[in-house]
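# Predicted model and sequence follow; I will ask about them next.
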Amino acid sequence: MRERLRRTRVRLTLVAAGVVLPVAVLAGVGFWVVFATLEYGSIDASLGAQAQVLTSALADSGGHVDPAAADPLPAVTQAGIAVTAVLFGPDGRVVDQSGQVRDPTAYAPRMSVPTVLHRSRRIDGVPQRLLLQPVSFTNGSGVLVLARPLDELQETLALVGVLLAAAVAAVVLVAAALGHWLAGRALAPVGVMAATARDLTEHDLHRRIELHLPPGDELGELAATFNAMLDRLETAFAGLQRFTADAAHELRAPLALMRAQVDVVLRRDRTPDEYRASHRALLEEIERLSRLADQLLLLARADAGVLQPTTETVDLPELLEGIVERWRPAAVAREVRLESDLPLEGEVRADPGLLRRLFDNLLDNALRHTPARGTVLLSAVADDGVWRIAVDDTGPGIAPELRPHLFERFARGDPARGRETGGAGLGLSLSAAIADVHGGSIAVEEVRFGRGARFVVRLPPGRPSGAASGS
């Protein structure tokens, strides 16, 4: 991960340098072109002014130059630099010249000069800036050529170009260094998050990423999201540990009883009645283990999202009445009054097998926690098209602070609704999972009888009717 972050930092540095480089180059070239244009413009303007002075001095009152009467061309300088002046007549011959000229014909115009022209030409190996101005002679039109050497200007332009190239390189290097530093600062929180994630184990899920970033920072929000994920992971892992420990405990108890029963039987010969009693005790523990395994498998399928109900149209009152009748013998044995308050008809789209298991769990829970001469009531009503099926009992009830955890695996309300009643603490979790896969819910609400517990299951709408029947 560190190598990956380092490569990312280098890429960001190159991006910063790549963005700045063309901008700096364009700025440098633009500055050089403007500087050269201004320098050439200054030279051209100065040559133009000197040409006007010379032509005015050579011309007569009529504005024409008479070669026979004209004064010789004076020496011309510009900023301390000697300027060559050559006057060509209408026939192209040299009329006059000033300055150090080895071959005045080298300055002759190569084209007609109807107006003032500016040209650059290399003469005798020296770069020159030429001004060509037409001159009116008495017998035709000639040309006055002024030339100034450009070697010093070109040296200056070359030096400016080198300085600008150095400045561009310096700007790009500074941008790269700044980009490298900024990329390091920007990626530092990512490195912290990566290191935290890399060092996390199941023993230190309490660790969190601590970044001191301004509010609204994107990486700060990412760190907060990562910490929230760690919170959920820690909660889930702690729940898994509790679930594993509770499952081991629930499995260990019947296994220990079965082993003890077998040890007792094997100590000496037993009568047939004693063997039958021992086998019945073993069968009870085996059935308990089977129920526990079945519940764990169903919950695992629900957690994995593969618990898919086989839905069909179910006559809800008929199904609930059948469940009540099936539990009536158990209620009679416990001396508990089992009642129902159901509509005459009504339908839901559900898996009847899963619904029976849901309400079997709720009635089993209610009967186990209701004392003798108590009451358990199963009722159903359609509320705004949603079925509300309630199971009320007159048992010890559930403390408000324990209700949020009531549907967790192996959870029990309190000692009065604890292991001694024979449950494994999975029935309510399983009921909640079954309600959820049907698009419904289950919750604990205020009791109906002034004491005890009240569980309410909500199921999606069917076709309820208003008339009720009771038993």
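Noted; the coordinates are in hand.

# In terms of helices and strands, where is A49?
A49 is part of helix 2-58 when elements are defined by DSSP states H and E.

# Centre of the chain to that helix, how far?
42 Å (C-alpha atoms, centre = their mean, to the nearest Å).

# Summarise which helices and strands that helix is packed against.
Applying 3 or more C-beta pairs under 8 Å, 6 or more residues apart in numbering; DSSP states H and E, one finds that helix 2-58 contacts strand 76-78, strand 81-88, strand 126-137, strand 140-149, helix 151-199. (Glycine included, C-beta is placed from N, CA and C.)

# export the ones you listed to a markdown table and tack on mean pLDDT and mean neighbour count?
Output for the helices and strands packed on helix 2-58, formatted as a markdown table (pLDDT from 0 to 100; neighbours: other C-beta atoms under 10 Å):
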| stretch | mean pLDDT | mean neighbour count |
| --- | --- | --- |
| strand 76-78 | 65 | 16 |
| strand 81-88 | 84 | 22 |
| strand 126-137 | 89 | 19 |
| strand 140-149 | 89 | 21 |
| helix 151-199 | 87 | 15 |
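
# and the gap between the closest residue to L12 other than its chain neighbours and I43?
In space, not counting the residues next to it along the chain, L12 is nearest to A183; the distance is 3.9 Å by C-beta to C-beta, 6 or more residues apart in numbering. In this structure, A183 lies at 48 Å from I43, with C-beta to C-beta, to the nearest Å as the measure.

# P114 too?
P114 sits at a distance of 22 Å from I43 (criterion: C-beta to C-beta).

# Nearest to D383, out of the helices and strands packed on helix 2-58?
With C-beta to C-beta, the closest approach to D383 among the helices and strands packed on helix 2-58 belongs to helix 151-199: 47.6 Å.

# Quick one: distance of that closest one to the chain centre.
Taking mean C-alpha positions (C-alpha atoms, centre = their mean), helix 151-199 and its chain are 29 Å apart.

# Packing partners of that helix?
For helix 151-199, the elements it packs on are helix 2-58, strand 126-137, helix 218-266, judged by 3+ C-beta pairs under 8 Å, 6+ apart.

# what is the orientation angle of the first one with helix 151-199?
Going back to what we said before, that points to helix 2-58. For helix 2-58 against helix 151-199, the angle between stretch directions is 160 degrees (axes from the mean of the first three to the mean of the last three C-alpha atoms, to 10 degrees).

# Could I get the average pLDDT for helix 2-58?
For helix 2-58, mean pLDDT is 87.

# Report the inter-axis angle for that helix versus strand 126-137.
For the pair helix 2-58 and strand 126-137, the angle between their directions (the same axes, to 10 degrees) equals 30 degrees.

# okay, the angle between helix 2-58 and strand 81-88?
Angle, helix 2-58 to strand 81-88, by the same axes, to 10 degrees: 50 degrees.

# ok, and what's touching stretch 161-177?
Residues from elsewhere that reach stretch 161-177 (C-beta atoms under 8 Å, 6 or more residues apart in numbering): 13-14, 16-17, 19-21, 24-25, 27-29, 31-32.

# Tell me the one of those nearest L292?
Set against L292, the nearest of the contacts of stretch 161-177 by C-beta to C-beta is T13 (61.2 Å).

# For that closest one, which non-adjacent residue is spatially closest?
H180 (4.3 Å).

# In contact with that neighbour, which residues?
For H180, the contact set (C-beta under 8 Å, 6+ apart) comprises R9, L12, T13, A16.

# just to revisit the earlier point, separate out the buried members of the contacts of stretch 161-177.
A residue is treated as buried here by neighbour count (16 or more other C-beta atoms under 10 Å); on that basis the buried members of those are T13, A16, A17, V20, L21, A24, G28, W32.

# Can you list the buried residues in stretch 209-222?
By neighbour count, with 16+ other C-beta under 10 Å as the criterion, the buried positions of stretch 209-222 are I209, L211, L219, G220, L222.

# same deal with stretch 256-271?
M258, Q261, V265.

# which of those residues has the weakest pLDDT?
When the buried residues of stretch 256-271 are compared on pLDDT, Q261 comes out least confident, at 76.

# Can you tell me how far that one is from A248?
With the distance defined as C-beta to C-beta, Q261 ends up 20 Å from A248.

# Repeat that for V86.
For V86, the distance to A248 (C-beta to C-beta) stands at 114 Å.

# And L178, by the same measure?
Shown here: L178 relative to A248, a distance of 59 Å by C-beta to C-beta.

# Could you do L38 as well?
Look at L38 and A248: by C-beta to C-beta, they are 91 Å apart.

# Please apply the same query to A59.
Computed with C-beta to C-beta, the distance linking A59 and A248 is 122 Å.

# now G353
When C-beta to C-beta is the yardstick, G353 and A248 sit 29 Å from each other.

# go on, R7?
Applying C-beta to C-beta to R7 and A248 gives a distance of 47 Å.

# hang on, the earlier thing: need the contacts of stretch 161-177 in JSON lines (columns: distance to S429).
What follows is the contacts of stretch 161-177, written out as JSON lines (distance: C-beta to C-beta, whole Å):
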{"residue": "T13", "distance to S429": "55"}
{"residue": "L14", "distance to S429": "56"}
{"residue": "A16", "distance to S429": "56"}
{"residue": "A17", "distance to S429": "60"}
{"residue": "V19", "distance to S429": "58"}
{"residue": "V20", "distance to S429": "62"}
{"residue": "L21", "distance to S429": "64"}
{"residue": "A24", "distance to S429": "67"}
{"residue": "V25", "distance to S429": "70"}
{"residue": "A27", "distance to S429": "71"}
{"residue": "G28", "distance to S429": "74"}
{"residue": "V29", "distance to S429": "75"}
{"residue": "F31", "distance to S429": "77"}
{"residue": "W32", "distance to S429": "80"}
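
# chain center to stretch 132-148: distance?
Distance, centroid of stretch 132-148 to centroid of chain: 76 Å (C-alpha atoms, centre = their mean).

# now the helices for the stretch 351-471 of the chain?
With DSSP state H, counting those that start in this stretch as the criterion, the stretch 351-471 of the chain has helices at 352-368, 427-437.

# Nearest to R280, out of those helices?
Go through the helices of the stretch 351-471 of the chain one by one with C-beta to C-beta and the one that ends up closest to R280 is helix 352-368, at 20.7 Å.

# any idea of the angle that closest one forms with helix 427-437?
Helix 352-368 runs at 150 degrees relative to helix 427-437, counting by the same axes, to 10 degrees.

# Identify each buried residue in helix 352-368, please.
By neighbour count on 16+ other C-beta under 10 Å, the buried set for helix 352-368 is 352, 354-368.
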